[in-house]
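Student: need coordinates for the below:
(4 chains)
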Protein chains: 2
Amino acid sequence: MAVGLREVAARAGVSVRTVSNVANGFAHVAPETRRRVQEAIDELGYRPNTAARSLRRGRTETISLVVPELDSPYFAELASLVVRAAEERGWAVHIDQTDGRADRERRMVSGPAGRSVDGVICSPWAVAPEELAALSAGPVVLLGERTAPGRLDHIAIDNVAAGEAATRHLLSLGRRHLAAIGAQPHLHNDTARLRLQGHRATLLAAGLPPAEDRVVAVSTLHRPDGAAAMARLLDGPSRVDAVFCFTDELALGAMRTLAERGRRVPDDVAVVGVDDILDGRYCVPSLSTVAPDKAQIARLALDCLARRIQDPQAPDRDLVADHRLEERESTLGAAARRRQSSPPGS
Amino acid sequence: MAVGLREVAARAGVSVRTVSNVANGFAHVAPETRRRVQEAIDELGYRPNTAARSLRRGRTETISLVVPELDSPYFAELASLVVRAAEERGWAVHIDQTDGRADRERRMVSGPAGRSVDGVICSPWAVAPEELAALSAGPVVLLGERTAPGRLDHIAIDNVAAGEAATRHLLSLGRRHLAAIGAQPHLHNDTARLRLQGHRATLLAAGLPPAEDRVVAVSTLHRPDGAAAMARLLDGPSRVDAVFCFTDELALGAMRTLAERGRRVPDDVAVVGVDDILDGRYCVPSLSTVAPDKAQIARLALDCLARRIQDPQAPDRDLVADHRLEERESTLGAAARRRQSSPPGS
DNA sequence: ACGTTGCATTGCAACGTTGCAAACTAGTCG
DNA sequence: CGACTAGTTTGCAACGTTGCAATGCAACGT
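Tutor: This next block holds a predicted model:
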């Protein structure tokens, strides 16, 4: 049943090697031979055996994408872009979820993936990048923050600048009682810390006193965490007229709580998030956000990986992807609709 | 550099075959030998070469998941569940996106996937299931509707019943001017047609006249399509006090338009969708929806695939997954919040 | 004592492909 | 005309693993 080079060769009356040459588009095959072989390939429906090819070539043309979870919009959108970009290179993508569990992150970077894929793009959550660097058994590109320089390539947006941009935007609206949702002091993950740093620095520069009771920590970055955090803020002693959420999902949860409590957004409380997930464009009110250039992140990650696969000894790179502030209704109110007449397509 | 059975065998002083036996947990290995070999495996950091194993065994322990797009919440959530379920079986998942393009759907079912994976789970969009059945070159499970019986296993919810449930719910609220968004007459895809069929049948049974001008066709099922469709309805001549959207994304788009036009949901227009995507639980108002049991779909798909991999000649199966109506604020209003006190976690 | 049984271990071949280098052909040049 | 070049095709071996069948060995029953 299985059609291999052998069968095609027999049919076309040439050697196995010649069929291989034709199948791979190698040079120096006589036009007439090529035609005859191609015909046999088509007739028999030959498909190269990926396993044999990988074994022989030592390359799988497959990469692994490791994310905490795929049902989170940010990672889903990122995964979509990575798959698309990989496809342009002829690479297949193999997806793993870690659920943010440290053991799984370690395994994905060091484990079986190290042998069955050419490289790994990993978005770590619980494990410190330095540790992952030590474990890696092949080309690995990390997505997200890394403060200490390590052995691995790494791509992130400027999270301090992102925190500053969001905070400046809220201040520019005249808000003076800013809260932040999304600190994660318990994690070896610097993303939240850097966003908070940008937030604090901007408040300080504006002459506003730091208000630690208005910085709310969360255990994960999903809507329920944002909703609970917002409830805690509203139940707390401090007045709040603006909230910087470290992810859009947190922001959507926060807006949910605000709606339930009858607070108007942005009139009573302005909200800004980070990630620019699709939901944020269509929810009511639409969500202002710091938008990382996800397509660029995907592209850079693959470039990096390609380079490292080609030369495992290449020096480390730390690349910074672009971001920009998207001002929408959750901060500007109805004015946003005039500014950006029609919501962009998905 | 590459550590294979050969190196481990040399180190442990046994044959290559014995190392293989230990690595695979085969029976009849003396405890002492096992210990020594395991030690060598650990010390050298041996990882089995997947390509060689696949070549020899004829199985890749990998499946392919083919969806129109991964950034669509429904497919992202489904993919997440499929990856999780596959992992329990020790299978890797390889993800492809078709963008709803017919050529890509055909290729994914018949193409390279047929040789490098043990099976394919495909959610077709543009190509008729019957055609895909004819093309398939290996175990394939189709997700979504299929009216004509074919050669392939297939899993779906009862879309007629789903359409009925949504419509009955709207009628039970006293609405009498129902619209439907999401018809797709141009596609070889019966999902929309069956949901519409359930919708119409229910209206008819309630003695309401069919109102074809209140059935809006869309080209894709995303938020912008829903927003545009809703605008068309509001600009049309017919009064509308309830909308059944064939997906939650369409519903979110529709609610966006309603908000922009100052219509209250559900007071002026009640909205119900299908899919139960996470966004629907946290948007304002939260979205009533017909919730397919996505975890069950994922599980059934893998069961089906496992069975077919084991026995390619097994008879076709058409499995029906459960669904249930989730009544939330977009139809019940504030009452929904009392009924379901706290929104479930993600 | 000898055949039998069952466990533990092994060597050999093969999975389908491609790298390598050699072999062959035809055309060109000195 | 023979040597050389360029173009085309080929056989062989190997990638790392596992199926198969055979081997060695000790314990057992008769």
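
Student: how close does the residue of the stretch 151-300 of chain A found nearest DNA strand C sit to A:Ala128?
Tutor: The stretch 151-300 of chain A approaches DNA strand C most closely through A:Asp153 (26.0 Å), counting by CB to the nearest atom of the strand. Yep, even glycine has a C-beta here, placed from its N, CA and C like the rest. Note on A:Asp153: its distance to A:Ala128, by CB to CB, to the nearest Å, is 16 Å.

Student: just A:Val93 next, same as before
Tutor: Counting by CB to CB, the gap from A:Val93 to A:Ala128 is 25 Å.

Student: of these two, who's got more company?
Tutor: Set side by side, A:Val93 and A:Ala128 show more neighbours around A:Val93, with 24 against 19, by other CB atoms under 10 Å in any protein chain shown.

Student: tell me what that one is bridged to.
Tutor: Beta-bridge partners recorded for A:Val93 (DSSP bridges): A:Ile63.

Student: hmm, A:Val67 and it touching each other?
Tutor: No: applying CB atoms under 8 Å, one finds A:Val93 not in contact with A:Val67, separated by 11.2 Å.

Student: hey, what's in contact with both of the two?
Tutor: Residues touching both A:Val93 and A:Val67 (CB atoms under 8 Å, 6 or more residues apart in numbering or on different chains): A:Ala79.

Student: quick check: closest non-adjacent residue to the residue nearest in space to the middle of chain A.
Tutor: Centroid-nearest residue in chain A: A:Leu78, 4.4 Å away (criterion: CA atoms, centre = their mean). Of all residues not flanking A:Leu78 in the chain, A:Lys294 sits nearest, at 5.5 Å (CB to CB, 6 or more residues apart in numbering or on different chains).

Student: what sits against that neighbour?
Tutor: Applying CB under 8 Å, 6+ apart to A:Lys294 gives the contacts A:Glu77, A:Leu78, A:Leu81, A:Asp276.

Student: could those residues go into JSON lines alongside distance to DNA strand C, secondary structure and pLDDT?
Tutor: Putting the contacts of A:Lys294 into JSON lines (distance: CB to the nearest atom of the strand, whole Å; DSSP: H, G, I helix; E, B strand; the rest coil; pLDDT from 0 to 100) gives the following:
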{"residue": "A:Glu77", "distance to DNA strand C": "34", "secondary structure": "helix", "pLDDT": "98"}
{"residue": "A:Leu78", "distance to DNA strand C": "32", "secondary structure": "helix", "pLDDT": "98"}
{"residue": "A:Leu81", "distance to DNA strand C": "29", "secondary structure": "helix", "pLDDT": "98"}
{"residue": "A:Asp276", "distance to DNA strand C": "41", "secondary structure": "coil", "pLDDT": "98"}
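
Student: tell me the two of those residues that are most distant?
Tutor: Across the contacts of A:Lys294, no pair lies farther apart than A:Leu81 and A:Asp276, at 12.5 Å, counting by CB to CB.

Student: the two: who's more crowded?
Tutor: Shown here are A:Leu81 and A:Asp276; by other CB under 10 Å, A:Asp276 has more neighbours (25 against 20).

Student: hang on, isn't that one packed against A:Val290?
Tutor: Yes: if you go by CB under 8 Å, A:Asp276 and A:Val290 touch, sitting 7.5 Å apart.

Student: which neighbours do the two share?
Tutor: With CB under 8 Å, 6+ apart as the test, A:Asp276 and A:Val290 both reach A:Glu326.

Student: which strand or helix spans the closest residue to DNA strand C within the stretch 51-200 of chain A?
Tutor: In the stretch 51-200 of chain A, the residue that lies nearest DNA strand C is A:Ala52 (3.4 Å; CB to the nearest atom of the strand). Following DSSP states H and E, one finds A:Ala52 within helix A:50-57.

Student: repeat that for A:Val141.
Tutor: strand A:140-143.

Student: mind listing the strands the helix or strand following that strand pairs with, and their directions?
Tutor: Going down the chain from strand A:140-143, the next helix or strand is strand A:153-157, by DSSP H and E. Counting by DSSP bridges, the strands paired with strand A:153-157 are strand A:140-143 (parallel), strand A:318-321 (parallel).

Student: most tightly packed of those strands?
Tutor: Ranked by mean neighbour count, the strands paired with strand A:153-157 are led by strand A:140-143 with a mean of 26 (mean count of other CB atoms under 10 Å in any protein chain shown).

Student: tell me how far that strand lies from the chain's centre.
Tutor: Between the centre of strand A:140-143 and the centre of its host chain there is 10 Å, according to CA atoms, centre = their mean, to the nearest Å.

Student: pLDDT averaged over it, what's the number?
Tutor: Average pLDDT, strand A:140-143: 93.

Student: and the contacts of it?
Tutor: Counting by CB under 8 Å, 6+ apart, A:78, A:109, A:119-124, A:129, A:132-133, A:152-156, A:297, A:301, A:304-305, A:308 sit against strand A:140-143.

Student: one more time with 7 Å
Tutor: A:109, A:119-124, A:129, A:132, A:152-155, A:297, A:301, A:304-305 (CB atoms under 7 Å, 6 or more residues apart in numbering or on different chains).

Student: same check on stretch A:202-220?
Tutor: By CB under 7 Å, 6+ apart, the list of residues contacting stretch A:202-220 reads A:164, A:167-168, A:171, A:176, A:178-185, A:196, A:200, A:225, A:229, A:232-233, A:236, A:238, A:240, A:250.

Student: one more time with 8 Å
Tutor: Contacts of stretch A:202-220 (CB under 8 Å, 6+ apart): A:100, A:163-164, A:167-168, A:171, A:176-186, A:196, A:200, A:225-226, A:228-229, A:232-233, A:236-238, A:240, A:250.

Student: burial count for A:Pro237?
Tutor: Neighbour tally, A:Pro237, other CB under 10 Å: 6.

Student: pLDDT value on it, please?
Tutor: Looking at A:Pro237, its pLDDT stands at 92.

Student: is it in a helix, a strand, or coil?
Tutor: In three-state terms, and counting by DSSP: H, G, I helix; E, B strand; the rest coil, A:Pro237 is coil.

Student: tell me the phi and psi of it?
Tutor: phi -80, psi -20 (degrees, to the nearest 10).

Student: quick check: closest non-adjacent residue to it.
Tutor: Once flanking residues are discounted, A:Pro237 sits nearest to A:Asp213: 7.2 Å by CB to CB, 6+ apart.

Student: let me have the contacts of A:Lys294 in JSON lines, extended by distance to A:Met255.
Tutor: Output for these, formatted as JSON lines (distance: CB to CB, whole Å):
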{"residue": "A:Glu77", "distance to A:Met255": "20"}
{"residue": "A:Leu78", "distance to A:Met255": "23"}
{"residue": "A:Leu81", "distance to A:Met255": "26"}
{"residue": "A:Asp276", "distance to A:Met255": "15"}
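
Student: and the residues you listed, which is closest to A:Leu5?
Tutor: When the contacts of A:Lys294 are compared for distance to A:Leu5 (CB to CB), A:Leu81 wins out at 35.8 Å.

Student: right, and the closest one touches A:Ala298 too?
Tutor: Yes: when contacts are counted by CB under 8 Å, A:Leu81 is listed as touching A:Ala298 (3.8 Å).
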